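In: need coordinates for the below:
(one chain, ligands or ions: 1)
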Amino acid sequence: MSRTTNRTLGGTGRTAGAKQEPKHETLRRALLDLVEASAPHDPLPSERELMTRYDVSRVTVRRAVERLGQEGRIYRVQGSGTFVADRETISKSLHLTSFSEDIRARRMTPAGRMLLMERVPADVVNARDLFVEPGTPLIHLERLRTADGEPMCLENVWLPETLLPGLLDRGEPASLYDELERAGAAPDSAQQTVRATLVDATQATLLNVPPQFPALCVERVTRDARGRAVERAVSLYRADRYDFTFTITRERRR
Ligand code: 16G
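Out: A predicted model of the protein is given here:
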């Protein structure tokens with residue numbers, strides 16, 4: 001954010017009837033202009049800079065900034081400052097969808113970068129979740145997934161190599177779920193856990209967000225219609241671009 005002009009809020013306060021608009025509201029609108037003129041993830045000026053630039057108290061700055069945070073227009077990263085939020089959020093329903101489907105549903109183009117594609121022996125966790133013996137050959141894919149070229153999600157997937165023999169030679173699949181479907185192992189249901197986390201420095205660089213940025217970590221074990229476990233996936237979604245939406249129903253009392 002490059003604007004450094006010093007301007008007070010004096011003349012910009014709107015009146016509502018005879019009442020003067022509260023200063024924090026006037027500042028909130030001024031900051032909103034600044035946010036709208038900026039790119040997602042641009043830093044906002046510091047609290048002190050805002051106090052000087054708009055000639056207002058710390059309390060006024062905090063109230064304005066807090067409101068913009070509640071409105072989802074900015075976000076704070078502990079120790080790093082306040083940044084312009086990205087407005088478009090991908091709302092993920094609880095239907096079993098692939099990354100490609102989620103992104104296409106938003107009329108964006110899914111793509112990605114393969115970070116790792118290797119054969120690994122199943123460790124204890126993968127063996128337990130995929131119902132294979134420890135040491136069974138698995139394919140491990142690590143992919144940075146993008147929407148319209150913007151990083152969205154870091155994904156680690158493990159699956160039994162017998163499900164997709166030859167995948168390692170064919171190279172990166174455009175859609176893993178399409179590959180599984182073609183191989184007669186179409187994903188049909190999944191057990192999923194979602195938890196909040198913070199990205200580490202490497203993940204932050206890949207996802208193009210500041211270090212310690214909030215993320216949603218989704219762990220999924222997916223089965224095909226025959227009940228076979230076809231993947232164990234750990235996906236790290238940028239919390240500013242993803243949310244989960246689901247229908248809940250009230251249990252009927254007898
Ligand atoms: C989603 C899945 C992931 C799956 C991938 C396949 C979640 C939490 N994870 O990211 O398990 O491997 O889609 O996407 O939804 P693709 O078919 O586009 O490769």
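
In: ok, which residues in the protein are in contact with the ligand?
Out: Taking C-beta under 6 Å from any ligand atom as the contact definition, the chain meets the ligand at 98-100, 155, 157, 175-178, 218, 220, 231, 233, 235. Where you see a C-beta, it was placed from the backbone N, CA and C, and this is true even at glycine.

In: now neighbour count, secondary structure and pLDDT too, for these, in TSV please.
Out: What follows is the residues of the chain next to the ligand, written out as TSV (neighbours: other C-beta atoms under 10 Å; DSSP: H, G, I helix; E, B strand; the rest coil; pLDDT from 0 to 100):
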residue	neighbour count	secondary structure	pLDDT
Ser98	17	coil	91
Phe99	24	helix	91
Ser100	20	helix	93
Glu155	21	strand	97
Val157	19	strand	97
Ser175	15	coil	93
Leu176	25	helix	95
Tyr177	20	helix	95
Asp178	14	helix	94
Val218	20	strand	93
Arg220	19	strand	94
Glu231	26	strand	97
Ala233	19	strand	97
Ser235	22	strand	95
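
In: for Arg48, pull up the helix or strand it's in.
Out: Using DSSP states H and E, Arg48 sits in helix 47-54.

In: now do the next helix or strand after that helix: which elements does it pack against?
Out: Using DSSP H and E, the next helix or strand after helix 47-54 towards the C-terminus is helix 58-70. Under the contact criterion of 3 or more C-beta pairs under 8 Å, 6 or more residues apart in numbering; DSSP states H and E, helix 58-70 touches helix 23-36, helix 47-54, strand 74-77.

In: which one of the ones you listed has the lowest average pLDDT?
Out: Ranked on mean pLDDT, the bottom entry among the helices and strands packed on helix 58-70 is strand 74-77, at a mean of 78.

In: hmm, who's touching it?
Out: 31, 35, 44, 65, 68-69, 82-85, 210-214, 240 (C-beta atoms under 8 Å, 6 or more residues apart in numbering).

In: which one among the residues of the chain next to the ligand gets closest to Leu167?
Out: Leu176 (8.9 Å; C-beta to C-beta).

In: could you find the closest non-adjacent residue to that closest one?
Out: Leaving aside its chain neighbours, Leu176 sits nearest to Val157 (6.5 Å; criterion: C-beta to C-beta, 6 or more residues apart in numbering).

In: quick check, the one you found in contact with Arg232.
Out: Yes. Counting by C-beta atoms under 8 Å, Val157 does reach Arg232; the two are 7.2 Å apart.

In: could you name every residue contacting both of these two?
Out: Going by C-beta under 8 Å, 6+ apart, no residue sits against Val157 while also sitting against Arg232.

In: hmm, back to that, pick out the most distant pair among the residues of the chain next to the ligand.
Out: Farthest-apart pair in these is Asp178 and Val218; separation 19.9 Å (C-beta to C-beta).

In: do you know the pLDDT at the residue nearest to Arg28 when sequence neighbours are not counted?
Out: Nearest non-adjacent residue to Arg28, counting by C-beta to C-beta, 6+ apart: Ala64, 4.2 Å away. Note on Ala64: pLDDT of 93.

In: so the closest residue to Phe99 other than its chain neighbours versus Glu155, what's the distance?
Out: Closest residue to Phe99 apart from its sequence neighbours, by C-beta to C-beta, 6+ apart: Arg145 at 5.0 Å. Distance, Arg145 to Glu155, using C-beta to C-beta, to the nearest Å: 6 Å.

In: quick check: neighbours shared by those two?
Out: With C-beta under 8 Å, 6+ apart, Arg145 and Glu155 have common neighbours Phe99.

In: where does the prediction get shaky in the stretch 101-250 of the chain?
Out: By pLDDT under 70, the stretch 101-250 of the chain has no low-scoring segment.
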